[in-house]
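[1] have a look; sequence and predicted model below, questions after that.
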Amino acid sequence: MKALFPQILLNLPTLFAFFAQILFSLGQKGKILEIGAGNGQMAVDILLALEEQDVLPEAYLILELSAELKIRQKTR
């Protein structure tokens, strides 16, 4: 089976720039949904990087099943 998208290796600055471009094109009305956010560090990193570029999303949502991880994420 052939992949629909070529395999892309993303580092964090590239990922943040990608989010910034999308949010800028949406007029900053976009929302980000992170599924399974672990301890919440990626959310913190993404939001700080986007804040530096003045392109914060309307909302950053986390879908997490683990009650313990939800508590950790809220403390960040």
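    Ah, there it is. Numbers count the residues shown, from 1 in each chain.

[2] what's near enough to touch residue 52?
    Remark: with contacts taken as C-beta atoms under 8 Å, 6 or more residues apart in numbering, residue 52 is in contact with nothing. Where you see a C-beta, it was placed from the backbone N, CA and C, and this is true even at glycine.

[3] let the chain start at 252 from now.
    Fine by me, first position is 252 from now on; the one you just mentioned is residue 303.

[4] surely residue 292 meets residue 327?
    Yes - contact status for residue 292 versus residue 327: in contact at 7.2 Å, counting by C-beta atoms under 8 Å.

[5] all helices of this structure, in order?
    263-276, 292-303, 318-326 (DSSP state H).

[6] export these to CSV and append columns for mean pLDDT.
    What follows is the helices of the chain, written out as CSV (pLDDT from 0 to 100):
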stretch, mean pLDDT
helix 263-276, 73
helix 292-303, 84
helix 318-326, 84
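
[7] between the ones you listed, which gets nearest to residue 309?
    Relative to residue 309, the nearest member of the helices of the chain by C-beta to C-beta is helix 263-276, separated by 8.8 Å.

[8] ok, back up a step: any chance of the helices of the chain in CSV, with distance to residue 311 too?
    Below are the helices of the chain laid out as CSV (distance: least, C-beta to C-beta, whole Å):
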stretch, distance to residue 311
helix 263-276, 10
helix 292-303, 6
helix 318-326, 11
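
[9] quick one: which of those is nearest residue 312?
    Smallest distance to residue 312 across these (C-beta to C-beta): 9.5 Å, for helix 292-303.

[10] please save the CA atoms from stretch 320-327 in PDB.
    This file holds the C-alpha atoms of stretch 320-327, laid out as PDB (Å, rounded to 0.1, in the frame of the first residue of the first chain):
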ATOM      1  CA  LEU A 320      -2.400  12.900  33.300                       C
ATOM      2  CA  LYS A 321      -5.300  15.400  33.200                       C
ATOM      3  CA  ILE A 322      -4.200  16.500  36.700                       C
ATOM      4  CA  ARG A 323      -0.600  16.900  35.500                       C
ATOM      5  CA  GLN A 324      -1.600  18.800  32.400                       C
ATOM      6  CA  LYS A 325      -3.700  21.300  34.500                       C
ATOM      7  CA  THR A 326      -0.800  22.100  36.700                       C
ATOM      8  CA  ARG A 327       1.300  23.300  33.700                       C
END
